[in-house]
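Asks: got a predicted structure plus its sequence, pasted below:
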Amino acid sequence: MTKLSWRSPKLTTQTLTLAAMLIALQLVLSKLSFGADTLVKFGLGFIGTILIGYYLGPWLGGLVLVLVDLLKSTVFSTGSTFFIGFTFSAFITGIIAGAFLYQQQISWQRVFTYQFVQIFISNIVFNTLWIHLMYQAPVMALLSVRIPKNLITWPIEAVITLLLLRAIARLEKRRLSHK
């Protein structure tokens, strides 16, 4: 793994259209999950996040995930309360995804590192902090549940990410060779 990308694509009509489509995809995927709330619940929202990072880079990806969070908290709200901390987490998640995935060679080392960094910073550190601040839940009790759940989902999400991004890279390579 050589570097992180700190660039995003130029704002063109094509980029904005892609961003809008990825916002819609992220909204749909974030509603899909498997498993029980009492055990391990596995959601598909991470797929939208990786695609946003892969195509839009860190800064535009961060802004797009802020828009997704605001849309989920308002227009598509399921009764949960809005908290600005989760919006900040969404921005950081987009920056991390874009930095690791935008215009980068997709390798298993990069994907597993990306998933670990994203899960650790966004899910374990920030989101645990926001839940603690909102509900005064003890941090150690939250971590005792959140760390094992994220350790279980980390390799699963990483493998899915690797397979998906490699398939996309192959399709893009094939598309470019036919031009």
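Replies: Alright, I've got the coordinates.
Asks: all helices of this protein, in order?
Replies: All helices of the chain, identified by DSSP state H, fall at 13-29, 45-73, 84-101, 108-118, 128-135, 139-177.
Asks: so what touches the fifth one?
Replies: Just to be clear, that refers to helix 128-135. 81, 83, 85, 86, 89, 137, 138, 139, 142, 143, 146 (C-beta atoms under 8 Å, 6 or more residues apart in numbering). From N, CA and C alone the C-beta is placed, and that goes for glycine too.
Asks: which pair of those spans the longest distance?
Replies: 81 and 143 (22.1 Å; C-beta to C-beta).
Asks: re earlier: quick check on the contacts of helix 128-135: which are buried?
Replies: 86, 89, 142, 146 (16 or more other C-beta atoms under 10 Å).
Asks: wait, which of those residues is closest to residue 103?
Replies: Among those, and counting by C-beta to C-beta, the member closest to residue 103 is residue 89, at 24.2 Å.
Asks: what sits closest to the closest one if chain neighbours are left out?
Replies: Spatial nearest neighbour of residue 89, excluding adjacent residues (C-beta to C-beta, 6 or more residues apart in numbering): residue 126 at 4.5 Å.
Asks: give the contact list for that neighbour.
Replies: Neighbours of residue 126 in contact, by C-beta under 8 Å, 6+ apart: 85, 88, 89, 92.
Asks: by mean pLDDT, flag the weakest helix or strand of this protein.
Replies: Of all helical and strand segments in the chain, the minimum by mean pLDDT, DSSP states H and E falls on strand 33-34, at a mean of 82.
Asks: who does that one pair up with?
Replies: When pairing is defined by DSSP bridges, strand 33-34 lines up against strand 42-43 (antiparallel).
Asks: what residues does the strand it pairs with touch?
Replies: Contact with strand 42-43 is made by 29, 30, 32, 33, 34, 35, 153, 156, as judged by C-beta under 8 Å, 6+ apart.
Asks: if anything else comes up later, I'll come back, but that's it for now.
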